[in-house]
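Novice: predicted model, plus sequence, below.
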Amino acid sequence: MVSTRRWGRLAGLAVAATGLVAVSFGPVSPQASAARQDAAPAAASAARSANPASAPAPSPAGTERASERSLRYGDAGRSWSTEIRSPGASYVKVHFASLKLAGDDRVTVASPDRREVHTYYADRDRGSDYTVHGDSGFAALSIDGDTAVVTLHATGARDAEPLARRGYGVRIDKHFRGFDAAERAARAPSTRSVCGTDARRDVACYQTSHPTEYARGNAVARQLLRGTGHCTAWRVGNTNRMLTNQHCMESAADLRASEFQFDYQCATCGGNNPGPGTKVSGQQLIKLSALSDLDYALFSVNSFESIQKYGTLYLDPRTPKAGERIYIPGHGDTTPKRLSLYEETQGGATCKIDVVSSGVNTGYRCDTSGGNSGSPVLAASSHKVIALHHLGGCPNWGTRISLVYDQIKADIDNTQRTPAPAA
């Protein structure tokens, strides 16, 4: 499950990327504001060191529920089903305590309309990706919506009684369910790292007006950690590599318990009509830097071939420039992907670098919120990543990617490839 660390205030700095709230002090002079901006990351670092209870964590997304039930072979028919429903839930993720199947039989976990279908065999090396959670068994990839249909499929006639005596069949011991709309609203902090008016919009809103920014967002995925927490992650370079924050992935066990959903975004601007996208699980944890240092996790995923179509991002390992335009794609508030392009209103002042350097961070007033942890901060001049978002509080803060690059450059292929010309 999500870390049980409580979320506290960090010397007036909100970690909005992880659900912490900013403290409002009222109007201040430009000089005082600048001093506060410069001191904020250092204060946050000191607070984390002195008070681990206030450290950021994945944005809460759901809960774990016990759900003991079994699927056994029957004498009649070739398939047998059970339904796990949590009214209003945003997703259902089924955990199997055991899966013992005859021959080439399989189990599917599907949405009622079969828009999503995940398939599992006795041999876990076959079929869909899955996650493991530190106990026996495994969890299927999640199903968007409030209902998952679990079906045992036999490839031929089965003699039910002897199979039952030998323990064949499926046992489900629990499931994870995503918060419904009311629960999400109740858990949303009243003050977030939205610097004034929330100017974020669905990525689809910019498909025509900002086609490059829209396209770069395709490489960004929503992370579901241990069935109950959300962050943002993204592909980096030409090989099977992804980045997020270390506070979203503290260990190899966290990676094994994570799934990543690409293309989770609305089809139309403001449409609230996301598709299921493509979900994959974590494979190998390659390198970590602690929250108290650079706060990154570099890793690979399973089923890499299924996500290559979404493209990738490249790093721009340089010092950001004061006032340069930036943008941030991500899954703040665990919603379908949005882009932060403007600071206040559409067509108004664009997001920019406000604080070039404070400790390891660079600062900006692009809107973010819980779930944005791990989002890439891209320079509009190159459409490459110049920071890794991880703290909030207006200004919001990202680790300068030049520092991350120095540590991971031997582990990634950051050479941008020119697309082949159309035939």
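Specialist: Structure's in. What do you need? Here the structure is a predicted model, which means the values were calculated and not measured.
Novice: distance between the ends of stretch 182-201?
Specialist: End-to-end distance for stretch 182-201: 21 Å, by C-alpha to C-alpha, to the nearest Å.
Novice: chain center to it, what's the gap?
Specialist: Mean-position distance between stretch 182-201 and its chain equals 17 Å (C-alpha atoms, centre = their mean, to the nearest Å).
Novice: give me the mean pLDDT for that stretch.
Specialist: Stretch 182-201 comes out with an average pLDDT of 74.
Novice: ok, now stretch 95-105?
Specialist: The model assigns stretch 95-105 a mean pLDDT of 96.
Novice: next, the buried residues of stretch 170-190.
Specialist: 170-180, 183-184 (16 or more other C-beta atoms under 10 Å). Backbone N, C-alpha and C define where each C-beta goes, glycine included.
Novice: surely H153 touches S81?
Specialist: No: counting by C-beta atoms under 8 Å, H153 does not reach S81; the two are 9.5 Å apart.
Novice: the two: which has the busier surroundings?
Specialist: Between H153 and S81, counted using other C-beta atoms under 10 Å, the more crowded position is H153 (15 against 12).
Novice: for A387, see how far away the more buried one is.
Specialist: Separation of H153 from A387 (C-beta to C-beta, to the nearest Å): 48 Å.
Novice: buried ones in stretch 272-287?
Specialist: Neighbour counts over stretch 272-287 (16+ other C-beta under 10 Å) mark 274, 276-283, 285-287 as buried.
Novice: make sure G277 is actually in contact with F262.
Specialist: Yes: with contact defined as C-beta under 8 Å, G277 reaches F262; the gap is 5.2 Å.
Novice: now the strands: where do they sit in the stretch 51-200 of the chain?
Specialist: With DSSP state E, counting those that start in this stretch as the criterion, the stretch 51-200 of the chain has strands at 59-60, 62-71, 79-85, 91-100, 106-110, 117-121, 130-131, 138-140, 143-144, 147-153, 169-178.
Novice: got a list of what T155 touches?
Specialist: Going by C-beta atoms under 8 Å, 6 or more residues apart in numbering, T155 touches 78, 103-105.
Novice: swap in D129?
Specialist: Counting by C-beta under 8 Å, 6+ apart, D129 has contacts 118, 141, 259, 279-281, 302-303.
Novice: for those, give me JSON lines that also has secondary structure, pLDDT and distance to A89.
Specialist: As requested, the contacts of D129 are exported to JSON lines (DSSP: H, G, I helix; E, B strand; the rest coil; pLDDT from 0 to 100; distance: C-beta to C-beta, whole Å):
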{"residue": "H118", "secondary structure": "strand", "pLDDT": "98", "distance to A89": "17"}
{"residue": "L141", "secondary structure": "coil", "pLDDT": "98", "distance to A89": "15"}
{"residue": "E259", "secondary structure": "strand", "pLDDT": "98", "distance to A89": "16"}
{"residue": "K279", "secondary structure": "strand", "pLDDT": "98", "distance to A89": "17"}
{"residue": "V280", "secondary structure": "strand", "pLDDT": "98", "distance to A89": "22"}
{"residue": "S281", "secondary structure": "strand", "pLDDT": "98", "distance to A89": "21"}
{"residue": "N302", "secondary structure": "coil", "pLDDT": "98", "distance to A89": "25"}
{"residue": "S303", "secondary structure": "coil", "pLDDT": "98", "distance to A89": "25"}
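Novice: just those now: which is nearest V355?
Specialist: Nearest to V355 among these is E259, at 34.4 Å by C-beta to C-beta.
Novice: what's near enough to touch that closest one?
Specialist: 129, 131, 141-142, 223-224, 279-282.
Novice: mind putting those residues in CSV, distance to K321 included?
Specialist: Output for the contacts of E259, formatted as CSV (distance: C-beta to C-beta, whole Å):
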residue, distance to K321
D129, 40
T131, 41
L141, 41
S142, 40
Q223, 30
L224, 35
K279, 37
V280, 35
S281, 38
G282, 35
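Novice: out of those residues, who's nearest L255?
Specialist: For these, the minimum distance to L255 (C-beta to C-beta) is 3.7 Å, reached by G282.
Novice: tell me which element the closest one is part of?
Specialist: Secondary structure from DSSP states H and E places G282 in strand 278-289.
Novice: so where's the protein shaky on pLDDT?
Specialist: For the chain, the stretches flagged by pLDDT under 70 are 1-55, 188-192, 419-423.
Novice: mind listing the helices for it?
Specialist: For the chain, applying DSSP state H gives helices covering 30-50, 160-165, 181-187, 211-216, 252-256, 401-408.
Novice: and D293, how many neighbours?
Specialist: 14.
Novice: I meant to write A139 there.
Specialist: The burial count for A139: 23, using other C-beta under 10 Å.
Novice: so it bridges to which residues?
Specialist: H95, T131 (DSSP bridges).
Novice: which residues touch it?
Specialist: 93-96, 130-133, 176, 227.
Novice: try it again with 7 Å
Specialist: A139 makes contact with 93-95, 130-131, 133, 227, according to C-beta atoms under 7 Å, 6 or more residues apart in numbering.
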